[in-house]
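Asker: I would like the atomic coordinates for the input below:
(2 chains)
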Amino acid sequence: MSHSLRGKSAIVSIGTAGMGEAPGRSGIEILAEAALNAIGDAGLRVADIDGVFSASSAHAFPTTSVGEYLGLRPSFFDGTMVGGASFEMHLLQAAMTLDAGLCKVALICYGSNQRTAGGRLVSMSEPQWHETPYQARHPITAYALAASRHMHQFGTTREHMAQVAVAARAWANMNPDAFARGPLSVDDVLSSRMVSDPLSARDCCLVTDGGAACVMVRADRAKDHLSEPIYLLGGGAAQWHRSIVTMPDLTVTAATESGSRAFQMAKLKQSDVDLVMLYDAFTITTILFLEDLGFCPKGEGGRFVGDGRIAPGGKLAVNTNGGGLSCVHPGMYGLFLIIEAVTQLRRQAGERQRPKVDVALCHGNGGHLATQITVLLGTRATL
Amino acid sequence: MKNAPGQPNPTRHAGLGPEAQFQAYLAEGRFMIQRSASTGKHVFFPRVAVPGTGETDLEWVEAKGLGTVYAITANRAREGSWNVALVDLDEGVRMMSRIANAETVAIGTRVKARIELLNGQPAVVFDVHSAVIAR
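Answerer: Got it, this is the predicted structure:
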């Protein structure tokens, strides 16, 4: 039964490093610093790590690169690569592996220097031969196509999408770790440089440096660690296509399936969720995932975000770190969703801390709206 | 010898895989897509079997060449702007393409295929099919 993983494992520590700009440091150096921060946060030693989970746009064999760098001899490792959602998959893989007894202490980690190393998104994603003649500029072309269709079909506007960026910035302004801070208005977004109609520069996520890591153990061992354990309550994955050309309906993502699978495992519903962390590679993705994960009806996402509902002071707390749009996006962002969820669930989010957070949803998106993975995390009160 | 639209042409370019066969037809000035003989279902991009059901009885048929714009974006870059569109062919398959001689067009615009050299390689592009009202 899929729900057998509910509450069986817990994140006992998190760490970040090099958030924003980390000049002069390599990706694996940033990753290692984040990993050491997480290992120390848990009161663990490096040698305690016997499970390694990582994905990378710069390392063909990420788990061996990480293991070698930190001097680990893991008994289990997984380098599943599905783009930015890889780390939500790693969380699920780690939970299964811990439950099966194949490792005891799982490290999930990522690091990249792609802002200071070049300032452009780094990807090992290969071109699709049937797309090549048309000079698509992925990922933005794929997301712009989805946005164009959502606008056509549901009356979503550029102003609606701009509201997503404005809300993210307002949250970032309360997060000292966020890279893009300062005022941002709907007009600022609308008047920023058009990159790929209908998406302007401010509809797109940042390209930053940054590393993140978390350590996961079996729930019955979680009490041995220094900080408050955060439990994996549910997880679900779904994958429908590789190329945007074969996505069946550009307004409906596989999050419809990953979300319902995660809620089913966790025995929770949308109204139980106190914090929603959505992979906001572009403003349209926040709108799509609010719909597909059941927080508003299909087609209503634009109007749903239109009145400051997901901004500070709104009814639904979404992307309280500032998201990929304004906090951090070092090529792949999935692990940073988990970092913010754990920070909020532990009530350590400072000025942006939500008053009541017991359940957080993290939704990872990978490739061109292709791989969707939803995880639900909770405090001890939710067990 | 040219087949009528919709009629199978099973023997050309035998020995090549579907991707290479598609390209070889394009080089001859022909826009061909696959169709399963048993189910009548069309397939694009070209593959060795119908996705999801696995029939391998795919034959090449000339595309009718008419379609509808499903989604579109215009890339804006220093070197200029160009559109990238997803076009739903009347046969029921979708492909990426370009709407020629237009910065962008409305979703729902009816378009007609032709083959043009893009960066020296033959590729299917579409022109606005003005005789048909956009839906």
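Asker: Just list the residues touching the nearest residue to residue B:43 once chain neighbours are set aside, thanks.
Answerer: Spatial nearest neighbour of residue B:43, excluding adjacent residues (CB to CB, 6 or more residues apart in numbering or on different chains): residue B:34 at 4.3 Å. All C-beta spots, glycine's among them, are computed from the backbone N, C-alpha and C. Contact partners of residue B:34, counting by CB atoms under 8 Å, 6 or more residues apart in numbering or on different chains, are B:18, B:42, B:43, B:44, B:46, B:47, B:58, B:59, B:60, B:61.
Asker: Please repeat the previous calculation with a cut-off of 10 Å.
Answerer: B:18, B:21-22, B:41-50, B:57-61, B:91, B:93 (CB atoms under 10 Å, 6 or more residues apart in numbering or on different chains).
Asker: Now do the SS call for it.
Answerer: strand (DSSP: H, G, I helix; E, B strand; the rest coil).
Asker: Any idea what it is bridged to?
Answerer: residue B:43, residue B:60 (DSSP bridges).
Asker: what pLDDT does it get?
Answerer: We note a pLDDT of 98 for residue B:34 in this prediction.
Asker: what about it, distance to chain A?
Answerer: 12 Å (CB to the nearest CB, to the nearest Å).
Asker: Pull up the residues of the stretch 251-383 of chain A that are close to chain B.
Answerer: Within the stretch 251-383 of chain A, the positions near chain B by CB under 10 Å from any CB of the partner chain are residue A:251.
Asker: Would you map the helices across the stretch 251-383 of chain A?
Answerer: A:255-266, A:283-292, A:301-304, A:323-326, A:334-345 (DSSP state H, counting those that start in this stretch).
Asker: what's the domain layout of chain B?
Answerer: Domain assignment for chain B by automatic domain parsing gives B:18-62, B:66-128.
Asker: Can you tell me which of the ones you listed is most buried?
Answerer: domain B:66-128 (a mean of 18; mean count of other CB atoms under 10 Å in any protein chain shown).
Asker: first to last residue in that domain, what's the distance?
Answerer: Criterion CA to CA, to the nearest Å; first-to-last residue distance in domain B:66-128 is 10 Å.
Asker: pLDDT score for residue B:2?
Answerer: 47.
Asker: can you give me the end-to-end distance of stretch A:131-139?
Answerer: End-to-end distance (CA to CA), stretch A:131-139: 13 Å.
Asker: isn't residue A:89 right next to residue A:80, touching?
Answerer: Yes: using CB atoms under 10 Å, residue A:89 makes contact with residue A:80 at a distance of 4.9 Å.
Asker: Mind listing the shared neighbours of the two?
Answerer: Common neighbours of residue A:89 and residue A:80 (CB under 10 Å, 6+ apart) are A:53, A:55, A:237, A:366, A:371, A:373.
Asker: Closest to chain B out of the residues you listed?
Answerer: residue A:371 (17.2 Å; CB to the nearest CB).
Asker: tell me the contacts of that closest one?
Answerer: A:80-86, A:88-89, A:237-242, A:253-255, A:258, A:334, A:364-365.
Asker: State which one residue of the stretch 251-383 of chain A is found closest to chain B.
Answerer: residue A:251 (9.5 Å).
Asker: excluding its backbone neighbours, what's nearest that residue?
Answerer: residue A:150 (5.1 Å).
Asker: Same check on residue A:326?
Answerer: residue A:172 (3.6 Å).
Asker: What of residue A:124?
Answerer: That would be residue A:57: by CB to CB, 6+ apart, it lies 5.5 Å from residue A:124.
Asker: helix or strand for the one you found, which one?
Answerer: For residue A:57, there is no helix or strand it lies in under DSSP states H and E.
Asker: contacting residues for it?
Answerer: Here residue A:57 is in contact with A:27, A:81, A:83-84, A:110, A:112, A:114, A:121-125, A:330-332 (CB under 10 Å, 6+ apart).
Asker: The same query, at a cut-off of 6 Å, please.
Answerer: A:122, A:123, A:124, A:331 (CB atoms under 6 Å, 6 or more residues apart in numbering or on different chains).
Asker: nearest to chain B, of these?
Answerer: Nearest to chain B among the contacts of residue A:57, with distances taken as CB to the nearest CB, is residue A:123, at 17.1 Å.
Asker: Can you tell me how far the closest one is from residue A:55?
Answerer: 12 Å (CB to CB, to the nearest Å).
Asker: Of those two, which one has the most company?
Answerer: Taking other CB atoms under 10 Å in any protein chain shown, residue A:123 and residue A:55 do not tie; residue A:55 has more neighbours (26 against 15).
Asker: Which residue is the nearest non-sequential neighbour of the more buried one?
Answerer: In space, residue A:55 is closest to residue A:86, 3.6 Å off (CB to CB, 6+ apart).
Asker: Ok, residue A:177 next?
Answerer: Nearest to residue A:177 is residue A:19, by CB to CB, 6+ apart, at 4.9 Å.
Asker: how much space between that neighbour and residue A:102?
Answerer: 32 Å.
Asker: Can you pull the residues of chain B lying near chain A?
Answerer: B:45, B:71-76, B:84, B:86, B:94, B:96, B:98, B:107, B:118, B:123 (CB under 6 Å from any CB of the partner chain).
Asker: Give me the outermost residue of chain B relative to its centroid.
Answerer: residue B:78 (28.8 Å; CA atoms, centre = their mean).
Asker: Need the phi and psi values for that residue.
Answerer: phi -60, psi -40 (degrees, to the nearest 10).
Asker: same question for the longest strand along chain B, mean pLDDT?
Answerer: The single longest strand within chain B, with elements called by DSSP state E, is strand B:66-77. Confidence over strand B:66-77 (mean pLDDT, whole number) is 97.
Asker: distance between it and the chain's centre?
Answerer: 14 Å (CA atoms, centre = their mean, to the nearest Å).
Asker: likewise stretch A:128-145?
Answerer: Counting by CA atoms, centre = their mean, stretch A:128-145 comes out at 23 Å from the chain centroid.
Asker: ends of that stretch, how far apart?
Answerer: Termini of stretch A:128-145 sit 16 Å apart (CA to CA).
Asker: Also stretch A:348-367?
Answerer: Termini of stretch A:348-367 sit 31 Å apart (CA to CA).
Asker: Residue B:65 reaches residue B:115, doesn't it?
Answerer: No: with contact defined as CB atoms under 6 Å, residue B:65 and residue B:115 do not form a contacting pair (9.9 Å).
Asker: Centre-most residue in chain A?
Answerer: residue A:334 (2.7 Å).
Asker: show me what contacts that one?
Answerer: Neighbours of residue A:334 in contact, by CB under 6 Å, 6+ apart: A:84, A:85, A:87, A:88, A:364.
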